[in-house]
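Student: Pasting the sequence and the predicted coordinates here, then a few questions.
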Amino acid sequence: MRKHILAIDQGTTSSRAILFNDKGEIEGISQKELTLHYPGNGWVEQEAEDIWNDTAFACRDVLEGADLMATDVAAIGITNQRETTIVWDRRTGEPVHRAIVWQDRRTADYCATLLKHEQMVQKKTGLLIDPYFSATKIKWILDNVSGARARAEKGELCFGTVDSFLLWRLTGGKVHATDITNASRTLLYNIVTQDWDDELLALFGVPRAMLPEVRDNSGLFGVTDVLGGETPVCGMAGDQQAALVGQACFSPGMVKSTYGTGCFALMNIGGAFRLSQNRMLTTVGYRLGGKISYAIEGSIFVSGAAVQWLRDGLGIIKSAKETEALAQSVNDNGGVYLVPGFTGLGAPHWNPQARGAITGLTRGATAAHVARAALEAQAYQTLDLMQAMSADAGLPIGEIRVDGGMVKNDWLCQFLADMLAKPVLRPSVIETTALGAAYLAGLHAGVYPSAEDISGRWVCEKKFEPKMAQMERQKLYAGWQHAVKQVLA
């Protein structure tokens, strides 16, 4: 029996392939950085061909590094940056425009004209009307690429999020499908009836003919020979839902928080759809064997991207790992707060026009204070989410399972625990997004027997207990709330 799973983890800043064995252990990683393009104020794009070429390269490279062939791989799982929108020619597979990235804000003014429909949209999708989601990105492409709308209505064009585009390419154009978690992020999919919704399609002007088939997260999506032998694609989920699975959050009330380019916290709320009363999102957590589990989600647009900005924009660090030593080098934040609204503010504010700010600067402020403020902002934003999430779900939050590149930073994990006043648990495998994709593929391929088996594999590498006094926590959070008010004003 083949015992390896190849997980494709296609993210905002890189495309990666990670090889897992039947114990859920990493046996190889290959990564290629992905270029982001900024053609206008608040616009963010990627070349879809780069996404595909880099992904294919990473897959071949990781197999070669492990001295394995495609025939040694039991299945492929795909996880991806969600909401990023690609429209391509059904016959040739050629994209008609660059991919419009989830961070892109070009449709903010258009979204503002639709707010009278938000209650209807939220009841069907669990989402709020925002440029973040795919629907208005699709509309923009159809309205701005010559002939695109007419071609889409004739069924000549396909829409897909990144997972769907990769599956199309992997199967040589034979399969145009997505999974329910990615579909749930488009503003076009009714997560109550679990189908594309005609009223939503009409509202956003998207022809049904260009939409992919929607499937469970674990199952046979198709077969690829791109890697040199026939390999089934058996798992697919948007990155945050894949991390929910990778963190084994299968019971209502369990919470995971991922710190990548952005920060996304999800709480499993079980099989009953429930609307947020605090401007959080209700989304599909996963669907296995036709049985759905929903989640409450809080979305922070800028997390690790703030650290990238310290490196690339300000030049005050050369690598992300330097931020830990810088944060420790000062006794406190010196009253400095960084509100990373570079692409607007997500939950619970949902203000696409907001922009970033550093407040509280004095002559005594240093690069270390700014670096510390960038890390502290992740904890303050997470606290914003947890308070709203707990109120929505009516469930107490006992602990937070964290993952993503930023949580390698012990100082950040401890500050998270201090601000949240909850234990923060870092797993032995922090590549939980890719691990979740591997689990979903392996469930269908028989490499991993059950969700219960996956839960039994979860291991805590380090637990961070809160140590901060309540008075200090309240003072720091009040400073953050004041800084956010200044930005929103």
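Tutor: Perfect, thanks for sending it.
Student: Show me the shaky parts of the chain.
Tutor: Regions of the chain meeting the criterion pLDDT under 70 cover residues 1-2.
Student: For the residue located most distally from the centre of it, give its distance to residue 369.
Tutor: Distance from the C-alpha centroid of the chain peaks at residue 363, with 37.9 Å (Cα atoms, centre = their mean). To residue 369, residue 363 is 12 Å away according to Cβ to Cβ, to the nearest Å. Glycine gets a C-beta too; all of them are placed from N, C-alpha and C.
Student: Can you give me the distance of residue 238 to residue 135?
Tutor: According to Cβ to Cβ, residue 238 and residue 135 sit 16 Å apart.
Student: Kindly apply the preceding question to residue 117 instead.
Tutor: The gap separating residue 117 from residue 135 is 11 Å, by Cβ to Cβ.
Student: Looking at these two, which one has more neighbours?
Tutor: For residue 117 versus residue 135, the count of surrounding residues by other Cβ atoms under 10 Å is larger for residue 135: 30 against 14.
Student: Specify the beta-bridge partners of residue 218.
Tutor: Applying DSSP bridges to residue 218 gives these bridge partners: residue 235.
Student: burial count for residue 480?
Tutor: Neighbourhood size, residue 480 [other Cβ under 10 Å]: 23.
Student: Need the three-state assignment for it.
Tutor: helix (DSSP: H, G, I helix; E, B strand; the rest coil).
Student: Helix or strand for the nearest residue to it once chain neighbours are set aside, just tell me which one.
Tutor: Spatially, and ignoring its direct neighbours in sequence, residue 480 is nearest to residue 380 (4.0 Å; Cβ to Cβ, 6 or more residues apart in numbering). In this structure, residue 380 sits in helix 367-393 according to DSSP states H and E.
Student: Show me how far that helix is from its chain's centre.
Tutor: 17 Å (Cα atoms, centre = their mean, to the nearest Å).
Student: do stretch 288-306 as well
Tutor: Distance of stretch 288-306 from the chain centroid (Cα atoms, centre = their mean) equals 7 Å.
Student: now for the top strand by length along the chain, which elements pack on it?
Tutor: Longest strand in the chain, counting residues (DSSP state E): strand 291-300. Where contact means 3 or more Cβ pairs under 8 Å, 6 or more residues apart in numbering; DSSP states H and E, strand 291-300 is packed against helix 239-246, strand 263-270, strand 281-288, helix 367-393.
Student: following it, which helix or strand shows up next?
Tutor: Per DSSP H and E, the first helix or strand lying C-terminal to strand 291-300 is helix 304-309.
Student: tell me which strands and helices whatever helix or strand comes next after that following helix is in contact with?
Tutor: Reading on from helix 304-309 to the C-terminus, the next helix or strand found by DSSP H and E is helix 322-328. Counting contacts by 3+ Cβ pairs under 8 Å, 6+ apart, helix 322-328 packs against helix 367-393, helix 410-420.
Student: Show me the contact partners of the shortest one.
Tutor: Outside of helix 410-420, the residues that reach it under the criterion Cβ atoms under 8 Å, 6 or more residues apart in numbering are 259, 324, 327-328, 375-376, 378-380, 382-383, 386, 400, 402, 406-407, 423-424, 426, 462, 464-468, 473, 476-477.
Student: Mind giving me the ChimeraX select for those, buried ones only?
Tutor: Buried residues within the contacts of helix 410-420, by 16 or more other Cβ atoms under 10 Å, are selected in ChimeraX with:
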select :259,324,327,375,376,378,379,380,382,383,386,400,402,406,407,424,426,464,466,473,476,477
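Student: Return the set of buried residues in stretch 226-242.
Tutor: For stretch 226-242, burial by neighbour count (16+ other Cβ under 10 Å) applies to 226-227, 231-242.
Student: again with stretch 445-462
Tutor: By 16+ other Cβ under 10 Å, the buried positions in stretch 445-462 come out as 445, 447, 448, 451, 454, 457, 458.
Student: I figured the first one hits residue 6, correct?
Tutor: Okay, so that is residue 445. No. Using Cβ atoms under 8 Å, residue 445 is not in contact with residue 6; the gap is 11.0 Å.
Student: Show me whatever sits in contact with both of those two.
Tutor: Joint contacts of residue 445 and residue 6 (Cβ under 8 Å, 6+ apart) are residue 75.
Student: Now do the contacts for the residue nearest to residue 480.
Tutor: Applying Cβ under 8 Å, 6+ apart to residue 380 gives the contacts 337, 419, 476, 477, 480.
Student: what's the closest of the residues you listed to residue 26?
Tutor: Checking those against residue 26 by Cβ to Cβ gives residue 419 as the nearest, at 30.4 Å.
Student: Quick one: neighbours of residue 213, just the number.
Tutor: Residue 213 has 12 neighbours, counted by other Cβ under 10 Å.
Student: That one pairs with what?
Tutor: Beta-bridge pairing for residue 213 (DSSP bridges): residue 177.
Student: And it, how far from residue 179?
Tutor: 10 Å.
Student: And the furthest pair within the contacts of residue 380?
Tutor: Counting by Cβ to Cβ, the most remote pair of the contacts of residue 380 is 337 and 419, 13.0 Å apart.
Student: Can you list the buried residues in stretch 332-344?
Tutor: For stretch 332-344, burial by neighbour count (16+ other Cβ under 10 Å) applies to 333, 334, 336, 337, 338, 339, 340, 341, 342, 343, 344.
Student: actually stretch 284-301, not the one I wrote
Tutor: Buried residues in stretch 284-301, defined by neighbour count with 16+ other Cβ under 10 Å: 284-288, 292-301.
Student: just stretch 92-99 next, same as before
Tutor: Buried, per 16+ other Cβ under 10 Å, within stretch 92-99: 93, 95, 96, 97, 98, 99.
Student: what sits against the fourth one?
Tutor: The reference is to residue 97. Contacts for residue 97 (Cβ under 8 Å, 6+ apart) come out as 87, 141, 144, 145, 148.
Student: Just the buried ones among the residues you listed, please.
Tutor: Of the contacts of residue 97, these count as buried by 16+ other Cβ under 10 Å: 87, 141, 148.
Student: The last one contacts residue 89, doesn't it?
Tutor: No. Under the criterion of Cβ under 8 Å, residue 148 is not in contact with residue 89, lying 10.1 Å apart.
Student: Between those two, which contacts overlap?
Tutor: Shared contacts of residue 148 and residue 89, defined by Cβ under 8 Å, 6+ apart, comprise 96, 157.
Student: Confirm that residue 434 sits in a helix.
Tutor: Yes. Judged by three-state DSSP, residue 434 forms part of a helix.
Student: For it, give its distance to residue 242.
Tutor: Relative to residue 242, residue 434 is positioned 7 Å away (Cβ to Cβ).
Student: can you list residues touching both of these two?
Tutor: Taking Cβ under 8 Å, 6+ apart as the contact rule, the neighbours common to residue 434 and residue 242 are 77, 79.
Student: show me the contacts for residue 176.
Tutor: Residues counted as contacts of residue 176 (Cβ under 8 Å, 6+ apart) are 90, 158, 160, 164, 167, 168, 212, 213.
Student: Where strands are concerned, which of those residues count?
Tutor: Going by DSSP E, the strands hold 158, 160, 213 from the contacts of residue 176.
Student: Among these, which one lies nearest to residue 127?
Tutor: Using Cβ to Cβ, residue 160 comes nearest to residue 127 of those, at 18.3 Å.
Student: what is that closest one paired to in the beta sheet?
Tutor: Note on residue 160: beta-bridge partners residue 86, judged by DSSP bridges.
Student: thought it was touching residue 175?
Tutor: No. The pair residue 160 / residue 175 is not scored as a contact, 10.7 Å apart, by Cβ under 8 Å.
Student: Looking at the two, which has the bigger crowd around it?
Tutor: With neighbours defined as other Cβ under 10 Å, residue 160 and residue 175 compare such that residue 160 has more, 26 against 19.
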